[in-house]
Each structure stands twice: as C-alpha cells, then as structure tokens.
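In: okay, here's the prediction I keep looking at, along with the sequence it came from:
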Amino acid sequence: MRLLIDTDVLLDFAIGREPYFQASKEILNWGNHHPRQCAVAWHSLANLNYLIKSGAASFISDLLEFVEVPRTGTQEMRYALNLKFSDLEDAMQVSAGMLFGAQIIVSRNVKHYRKSPIRVMSPIEILPLLA
C-alpha cells in the first residue's frame with residue numbers, strides 16, 4: 001500500500017499532540033517497516049521546520065530514512081490549482097500524492113479532501129488496513 005502522509009499527522013507525532021499521537025506513531029512505525037511505501041510532500045517538510053523549530057531537522061532527517069518526497073514542480077502546482085480546493089495546501093498534498101502513486105492520503109482533515117481523486121482516510125480509519 002502506498003500512502004501520502006499529510007502534515008497534520010507528521011506534526012501530531014513530532015510534537016506529541018494528544019489524542020492523535022498514538023495513531024500517528026503507528027502509521028510512521030508502519031512506514032519505517034515498509035520503506036519507500038510512504039511519501040510526504042516537499043512543502044510539508046518546510047511546514048514542519050517552521051512549526052516545531054527545535055529538533056525539526058533531526059526529525060526530518062529520520063523521516064527521510066524511510067519516506068519518499070515526490071519531485072513536484074510547475075505542472076504539479078498547476079494540477080493543484082485546477083483542483084479548486086478551498087485550501088491550496090491540501091490540493092498540493094493531492095498533487096504530490098498523485099505523483100507518488102499514493103493509494104491513500106492519511107490526514108485528520110478528511111473533509112478538506114472531498115474533491116480528491118485519491119482516497120483519504122484518517123489515521124484511526126487506516127490503522128486496521130495496516131495491521
């Protein structure tokens with residue numbers, strides 16, 4: 001299974017945000033045991049660095065041991081804009097997911113992805129599929 005992990009899931013793990021930490025931890029553990037089956041969008045890494053500051057570089061470095069970062073560019077940004085999402089950042093996640101060949105985007109903000117051509121599941125919803 002190929003997953004794109006949204007920024008919120010990464011952030012929940014990185015800062016130990018409850019009550020979401022455990023599910024995020026399990027998803028990242030699955031990714032660690034299934035190298036290169038998970039991806040994160042390029043801009044998610046910048047967002048993480050900005051939001052968690054202390055320890056962000058170490059967290060990102062560890063993450064890059066098992067996740068992919070799809071190479072996005074102008075074409076992918078145009079695709080994101082054409083999705084006409086209310087939140088451009090979420091459309092950019094979808095665009096990165098399409099490029100990676102993600103089967104599922106893992107996000108706590110499932111409702112933000114109503115127009116997504118990729119299935120979106122919350123961390124809690126996807127855990128049984130990863131068992």
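Out: Perfect, thanks for sending it.
In: only C-alpha atoms from now on, for both contacts and neighbour counts.
Out: Noted.
In: separation between the residue lying closest to residue 34 once chain neighbours are set aside and residue 32?
Out: Residue nearest to residue 34 in three dimensions, not counting chain neighbours: residue 66, with 7.6 Å by C-alpha to C-alpha, 6 or more residues apart in numbering. For residue 66, the distance to residue 32 (C-alpha to C-alpha, to the nearest Å) stands at 6 Å.
In: cool, and residue 8?
Out: Taking C-alpha to C-alpha, one finds residue 8 at 18 Å from residue 32.
In: which secondary structure state is assigned to residue 105?
Out: strand (DSSP: H, G, I helix; E, B strand; the rest coil).
In: so it is in contact with residue 97, correct?
Out: Yes - with contact defined as C-alpha atoms under 8 Å, residue 105 counts as touching residue 97 (7.1 Å).
In: which strands and helices sit next to whichever strand or helix holds residue 11?
Out: Assigning secondary structure by DSSP states H and E places residue 11 in helix 7-14. When contacts are defined as 3 or more C-alpha pairs under 8 Å, 6 or more residues apart in numbering; DSSP states H and E, helix 7-14 sits against helix 21-33, helix 42-52.
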